[in-house]
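>>> Sequence and predicted structure below; questions after.
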Protein chains: 2
Amino acid sequence: MQADERRHRVLEFVRMSGGFASLPQLAKELGVSESTIRRDLDVLEESGVARRTHGGVFYAGGAPQLPAFELREPEQWAKKHAIAQAAAQLIHDGDTIFFDGGSTTYELARLLVGRPLQVVTNSLPVANLFAANAYADLNLVGGYVYPRTGVALGPHAVEMIGRLNVRRSILSTAGITERGFYNSNLLLIEAEQAMIDAADEVIVVADSTKFGCQSLAQLCGWDAVQTVVVDDGLSDEWRERIESFDTQLVVAPTNSEFSNAS
Amino acid sequence: MQADERRHRVLEFVRMSGGFASLPQLAKELGVSESTIRRDLDVLEESGVARRTHGGVFYAGGAPQLPAFELREPEQWAKKHAIAQAAAQLIHDGDTIFFDGGSTTYELARLLVGRPLQVVTNSLPVANLFAANAYADLNLVGGYVYPRTGVALGPHAVEMIGRLNVRRSILSTAGITERGFYNSNLLLIEAEQAMIDAADEVIVVADSTKFGCQSLAQLCGWDAVQTVVVDDGLSDEWRERIESFDTQLVVAPTNSEFSNAS
DNA sequence: CAATTCGTGATTGAAAACAATCATCAGTTT
DNA sequence: AAACTGATGATTGTTTTCAATCACGAATTG
């Protein structure tokens, strides 16, 4: 099926064009007919990542133009949103919160806009959420901005994080096993380890597909994480296993109701 | 003149509508004819804050919701744009550039998107311009983000800037007298002084109304600044006076043609 | 007070995009 | 092999939007 691939290229092109592309442009660029592009746009609009206008599409992703947020498969997104809603209940007004990058932490940040918080982040999309907000103070972590995700990393970032202290750090991860948490980027791991050291409480948000997956390098063990928030797709086996660790487990109901945090 | 007011409301409405609004929507919302809306959109597109499509507008401000950039009085903006265009010719591919905050530096940054540069900035809006750009490397300066302008300041910012070296720093200013350059925010001045120390060449972009104005505190003297870019509204008196300093003066023609930088 | 300028609203013919339909083709199933 | 399914490209008539133009009224200017 090359249709999906083509739709991704449509989004990519829209993004490169500064948020908008015309229908003939897209047809020419991708070498297909306008009819096909029209059908693709219908699909993309249906899934909420783009919005049609007379004559073209424009990008509708919540985060301006960083590709990481583009492909929201509706199902995945529902999980992330549920996780974010459950995690939001763990945050209290006045807290000092460190937001890592990642789409789930971004969703959580979105839910917290308007709350009186001290926000610290190395994620540009998250920073944009709070930049104009009068209720939250925003501290930005500097460093080399990783193009794909819009997250500041590198020695400057690690060094600055090392001088901060926060109540809670919200981390994302690429994989979780019984030995601990993993991520796929060494610079990111360095920064995240600093975030762990800087926090009184570490909260990891992760959807259930991450469990059982390793990734490039280990971020930390279970003892470093006080709370894990996950969607209700998590197997019973894993729920029991986490019981045996000294880590609090919050399961976010995917469907409607909420929420039994304990 | 209520035309300006109406254009602001157009932008506001577009922003509230999630980045896009159709032409009939706007006409109905503001109670004017579609013709008027069309003319407004032409103006807004001309000034770069919105982008037209067949059937409507979508918001094109690089800085999502910082109000400081929304209300561009056309006249002032023409100056700033001219200054930015002249300054852009001072920048060479491959340069390492430090962008200060401010609307004129932001305009300049907009013109430079797509060029191969090493970008360093403490301005969130500027960072957003380059974040997803494959041609430029982006280094973000962290710190406390000042809500109104989206600029990172404070000790962390100063400290990080102090560890960087750049080819050129692009600074804005609130006032210029024969004794030097002024700004109105002490934290900002601290950061800008660090930017001056970090740069081989300091370029100040300022419109002609800034000349002769003092402000809260002094940023630096004339000897610290190698180049000043200003619009052609500058008085002959000032042009002569700058001749006597060891600072290069670039006058940006406001109207059409370009450009005699020397 | 007359003239001018500017912003506005309405109209019009031209151009563009839309949705719907049909034909073709490849891969799969029966 | 024949039939079916799904994706694609082309075509059609209809609808929408566009740019240009004219006319009206208010505010400014001489």
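Arrived safely.
>>> Next, the angle helix B:124-131 makes with whichever strand or helix holds A:Asn128.
For A:Asn128, the enclosing helix or strand under DSSP states H and E is helix A:124-131. Here the directions of helix A:124-131 and helix B:124-131 differ by 160 degrees (axes from the mean of the first three to the mean of the last three C-alpha atoms, to 10 degrees).
>>> Put the alpha carbons of helix A:124-131 into CSV.
What follows is the C-alpha trace of helix A:124-131 in CSV, where atoms were taken according to Å, rounded to 0.1, in the frame of the first residue of the first chain:
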residue,chain,number,x,y,z
LEU,A,124,10.0,23.9,22.1
PRO,A,125,6.4,22.9,21.4
VAL,A,126,5.7,22.7,25.1
ALA,A,127,7.3,26.1,25.7
ASN,A,128,5.1,27.6,23.0
LEU,A,129,2.0,26.4,24.9
PHE,A,130,3.0,28.3,28.0
ALA,A,131,4.9,31.2,26.6
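>>> Can you spell out which helices and strands pack onto the helix or strand hosting A:Arg51?
A:Arg51 is part of strand A:50-53, with elements assigned from DSSP H and E. Based on contacts counted as 3 or more C-beta pairs under 8 Å, 6 or more residues apart in numbering or on different chains; DSSP states H and E, the elements that strand A:50-53 packs against are helix A:3-16, helix A:34-46, strand A:56-59, strand B:20-22. For the C-beta atoms, the positions are set from N, CA and C on the backbone; glycine is no exception.
>>> Relative to DNA strand D, which of those is closest?
Using C-beta to the nearest atom of the strand as the criterion, the shortest distance between DNA strand D and those is 3.3 Å, found for helix A:34-46.
>>> Can you show me the CA trace of the closest one as PDB?
The C-alpha coordinates for helix A:34-46 follow below in PDB (Å, rounded to 0.1, in the frame of the first residue of the first chain):
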ATOM      1  CA  GLU A  34      -5.500  16.000  -8.500                       C
ATOM      2  CA  SER A  35      -8.200  13.500  -8.000                       C
ATOM      3  CA  THR A  36      -5.900  11.300  -5.900                       C
ATOM      4  CA  ILE A  37      -4.700  14.300  -4.000                       C
ATOM      5  CA  ARG A  38      -8.200  15.300  -3.300                       C
ATOM      6  CA  ARG A  39      -9.000  11.900  -1.900                       C
ATOM      7  CA  ASP A  40      -5.900  11.900   0.200                       C
ATOM      8  CA  LEU A  41      -6.800  15.300   1.600                       C
ATOM      9  CA  ASP A  42     -10.200  13.900   2.600                       C
ATOM     10  CA  VAL A  43      -8.500  11.100   4.500                       C
ATOM     11  CA  LEU A  44      -6.100  13.500   6.200                       C
ATOM     12  CA  GLU A  45      -8.800  15.900   7.100                       C
ATOM     13  CA  GLU A  46     -10.800  13.000   8.500                       C
END
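>>> which residues touch it?
Residues from elsewhere that reach helix A:34-46 (C-beta atoms under 8 Å, 6 or more residues apart in numbering or on different chains): A:3, A:6-7, A:10-11, A:23-24, A:26-27, A:30, A:50-52, A:57.
>>> returning to what we had before: looking at the helices and strands packed on strand A:50-53, which is buried most?
Of all the helices and strands packed on strand A:50-53, strand A:56-59 carries the top mean neighbour count, a mean of 24, counting by mean count of other C-beta atoms under 10 Å in any protein chain shown.
>>> That one and DNA strand D, are they touching?
No. Using C-beta under 7 Å from any atom of the strand, no contact is recorded between strand A:56-59 and DNA strand D, whose separation bottoms out at 11.0 Å.
>>> Contacts for that strand, please.
Residues from elsewhere that reach strand A:56-59 (C-beta under 8 Å, 6+ apart): A:10-11, A:14-15, A:19-23, A:25-26, A:41, A:44-45, A:49-51, A:65, B:19-20, B:53-54, B:58.
>>> Chain neighbours aside, what residue packs nearest to A:Ala134?
In space, and not counting its chain neighbours, A:Ala134 is closest to B:Pro147: 6.5 Å by C-beta to C-beta, 6 or more residues apart in numbering or on different chains.
>>> cool, A:Thr209 as well?
A:Gly233 is the one closest to A:Thr209 (C-beta to C-beta, 6+ apart), at 7.4 Å.
>>> can you check A:Leu219 too?
A:Phe181 (4.5 Å).
>>> who's the one you found bridged to?
Partner residues in beta bridges with A:Phe181: A:Ile176, A:Cys220, with DSSP bridges as the criterion.
>>> Do I have it right that it meets A:Leu188?
No. No contact is recorded between A:Phe181 and A:Leu188 when judged using C-beta atoms under 8 Å, the distance being 11.9 Å.
>>> More neighbours: which of the two?
Shown here are A:Phe181 and A:Leu188; by other C-beta atoms under 10 Å in any protein chain shown, A:Phe181 has more neighbours (27 against 24).
>>> Averaging pLDDT per element, find the lowest-scoring helix or strand in chain A.
One helix or strand of chain A scores below all others by mean pLDDT, DSSP states H and E: strand A:56-59, with a mean of 74.
>>> quick one: strands adjacent to it?
With DSSP bridges as the test, strand A:56-59 is paired with strand A:20-22 (antiparallel), strand A:50-53 (antiparallel).
>>> need these in a markdown table with distance to B:Arg241 and mean pLDDT, can you?
Conversion of those to a markdown table gives the following (distance: least, C-beta to C-beta, whole Å; pLDDT from 0 to 100):
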| stretch | distance to B:Arg241 | mean pLDDT |
| --- | --- | --- |
| strand A:20-22 | 46 | 84 |
| strand A:50-53 | 52 | 82 |
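>>> Within range of DNA strand D, give me the residues from chain A.
Residues of chain A found near DNA strand D, taking C-beta under 7 Å from any atom of the strand as the criterion, are A:Met1, A:Gln2, A:Ala3, A:Arg6, A:Gly31, A:Val32, A:Ser33, A:Ser35, A:Thr36, A:Arg39, A:His54.
>>> okay, who's weakest in those residues by pLDDT?
Within the residues of chain A next to DNA strand D, A:Met1 has the lowest pLDDT, namely 51.
>>> continuing past whatever helix or strand A:Asn139 lives in, what's the next helix or strand?
Under the assignment given by DSSP H and E, the secondary-structure element containing A:Asn139 is strand A:137-140. Later in the chain than strand A:137-140, the nearest helix or strand by DSSP H and E is strand A:143-146.
>>> Quick check: next helix or strand after that next one?
Proceeding N to C from strand A:143-146, the next assigned helix or strand is strand A:151-153, under DSSP H and E.
>>> close to chain B, is that following strand?
Yes. Figure legend: strand A:151-153 in contact with chain B (C-beta under 8 Å from any C-beta of the partner chain); contacting residues A:Ala152.
>>> which element follows that strand toward the C-terminus?
Tracing the chain C-terminally past strand A:151-153 and defining elements by DSSP H and E, one meets helix A:155-162 next.
>>> neighbouring contacts of the helix or strand following that following helix?
Next helix or strand after helix A:155-162 toward the C-terminus (DSSP H and E): strand A:166-171. Taking C-beta under 8 Å, 6+ apart as the criterion, the residues outside strand A:166-171 that touch it are A:87, A:90-91, A:95-100, A:105, A:108, A:118, A:120, A:181, A:192, A:195-196, A:198-205, A:219, A:225.
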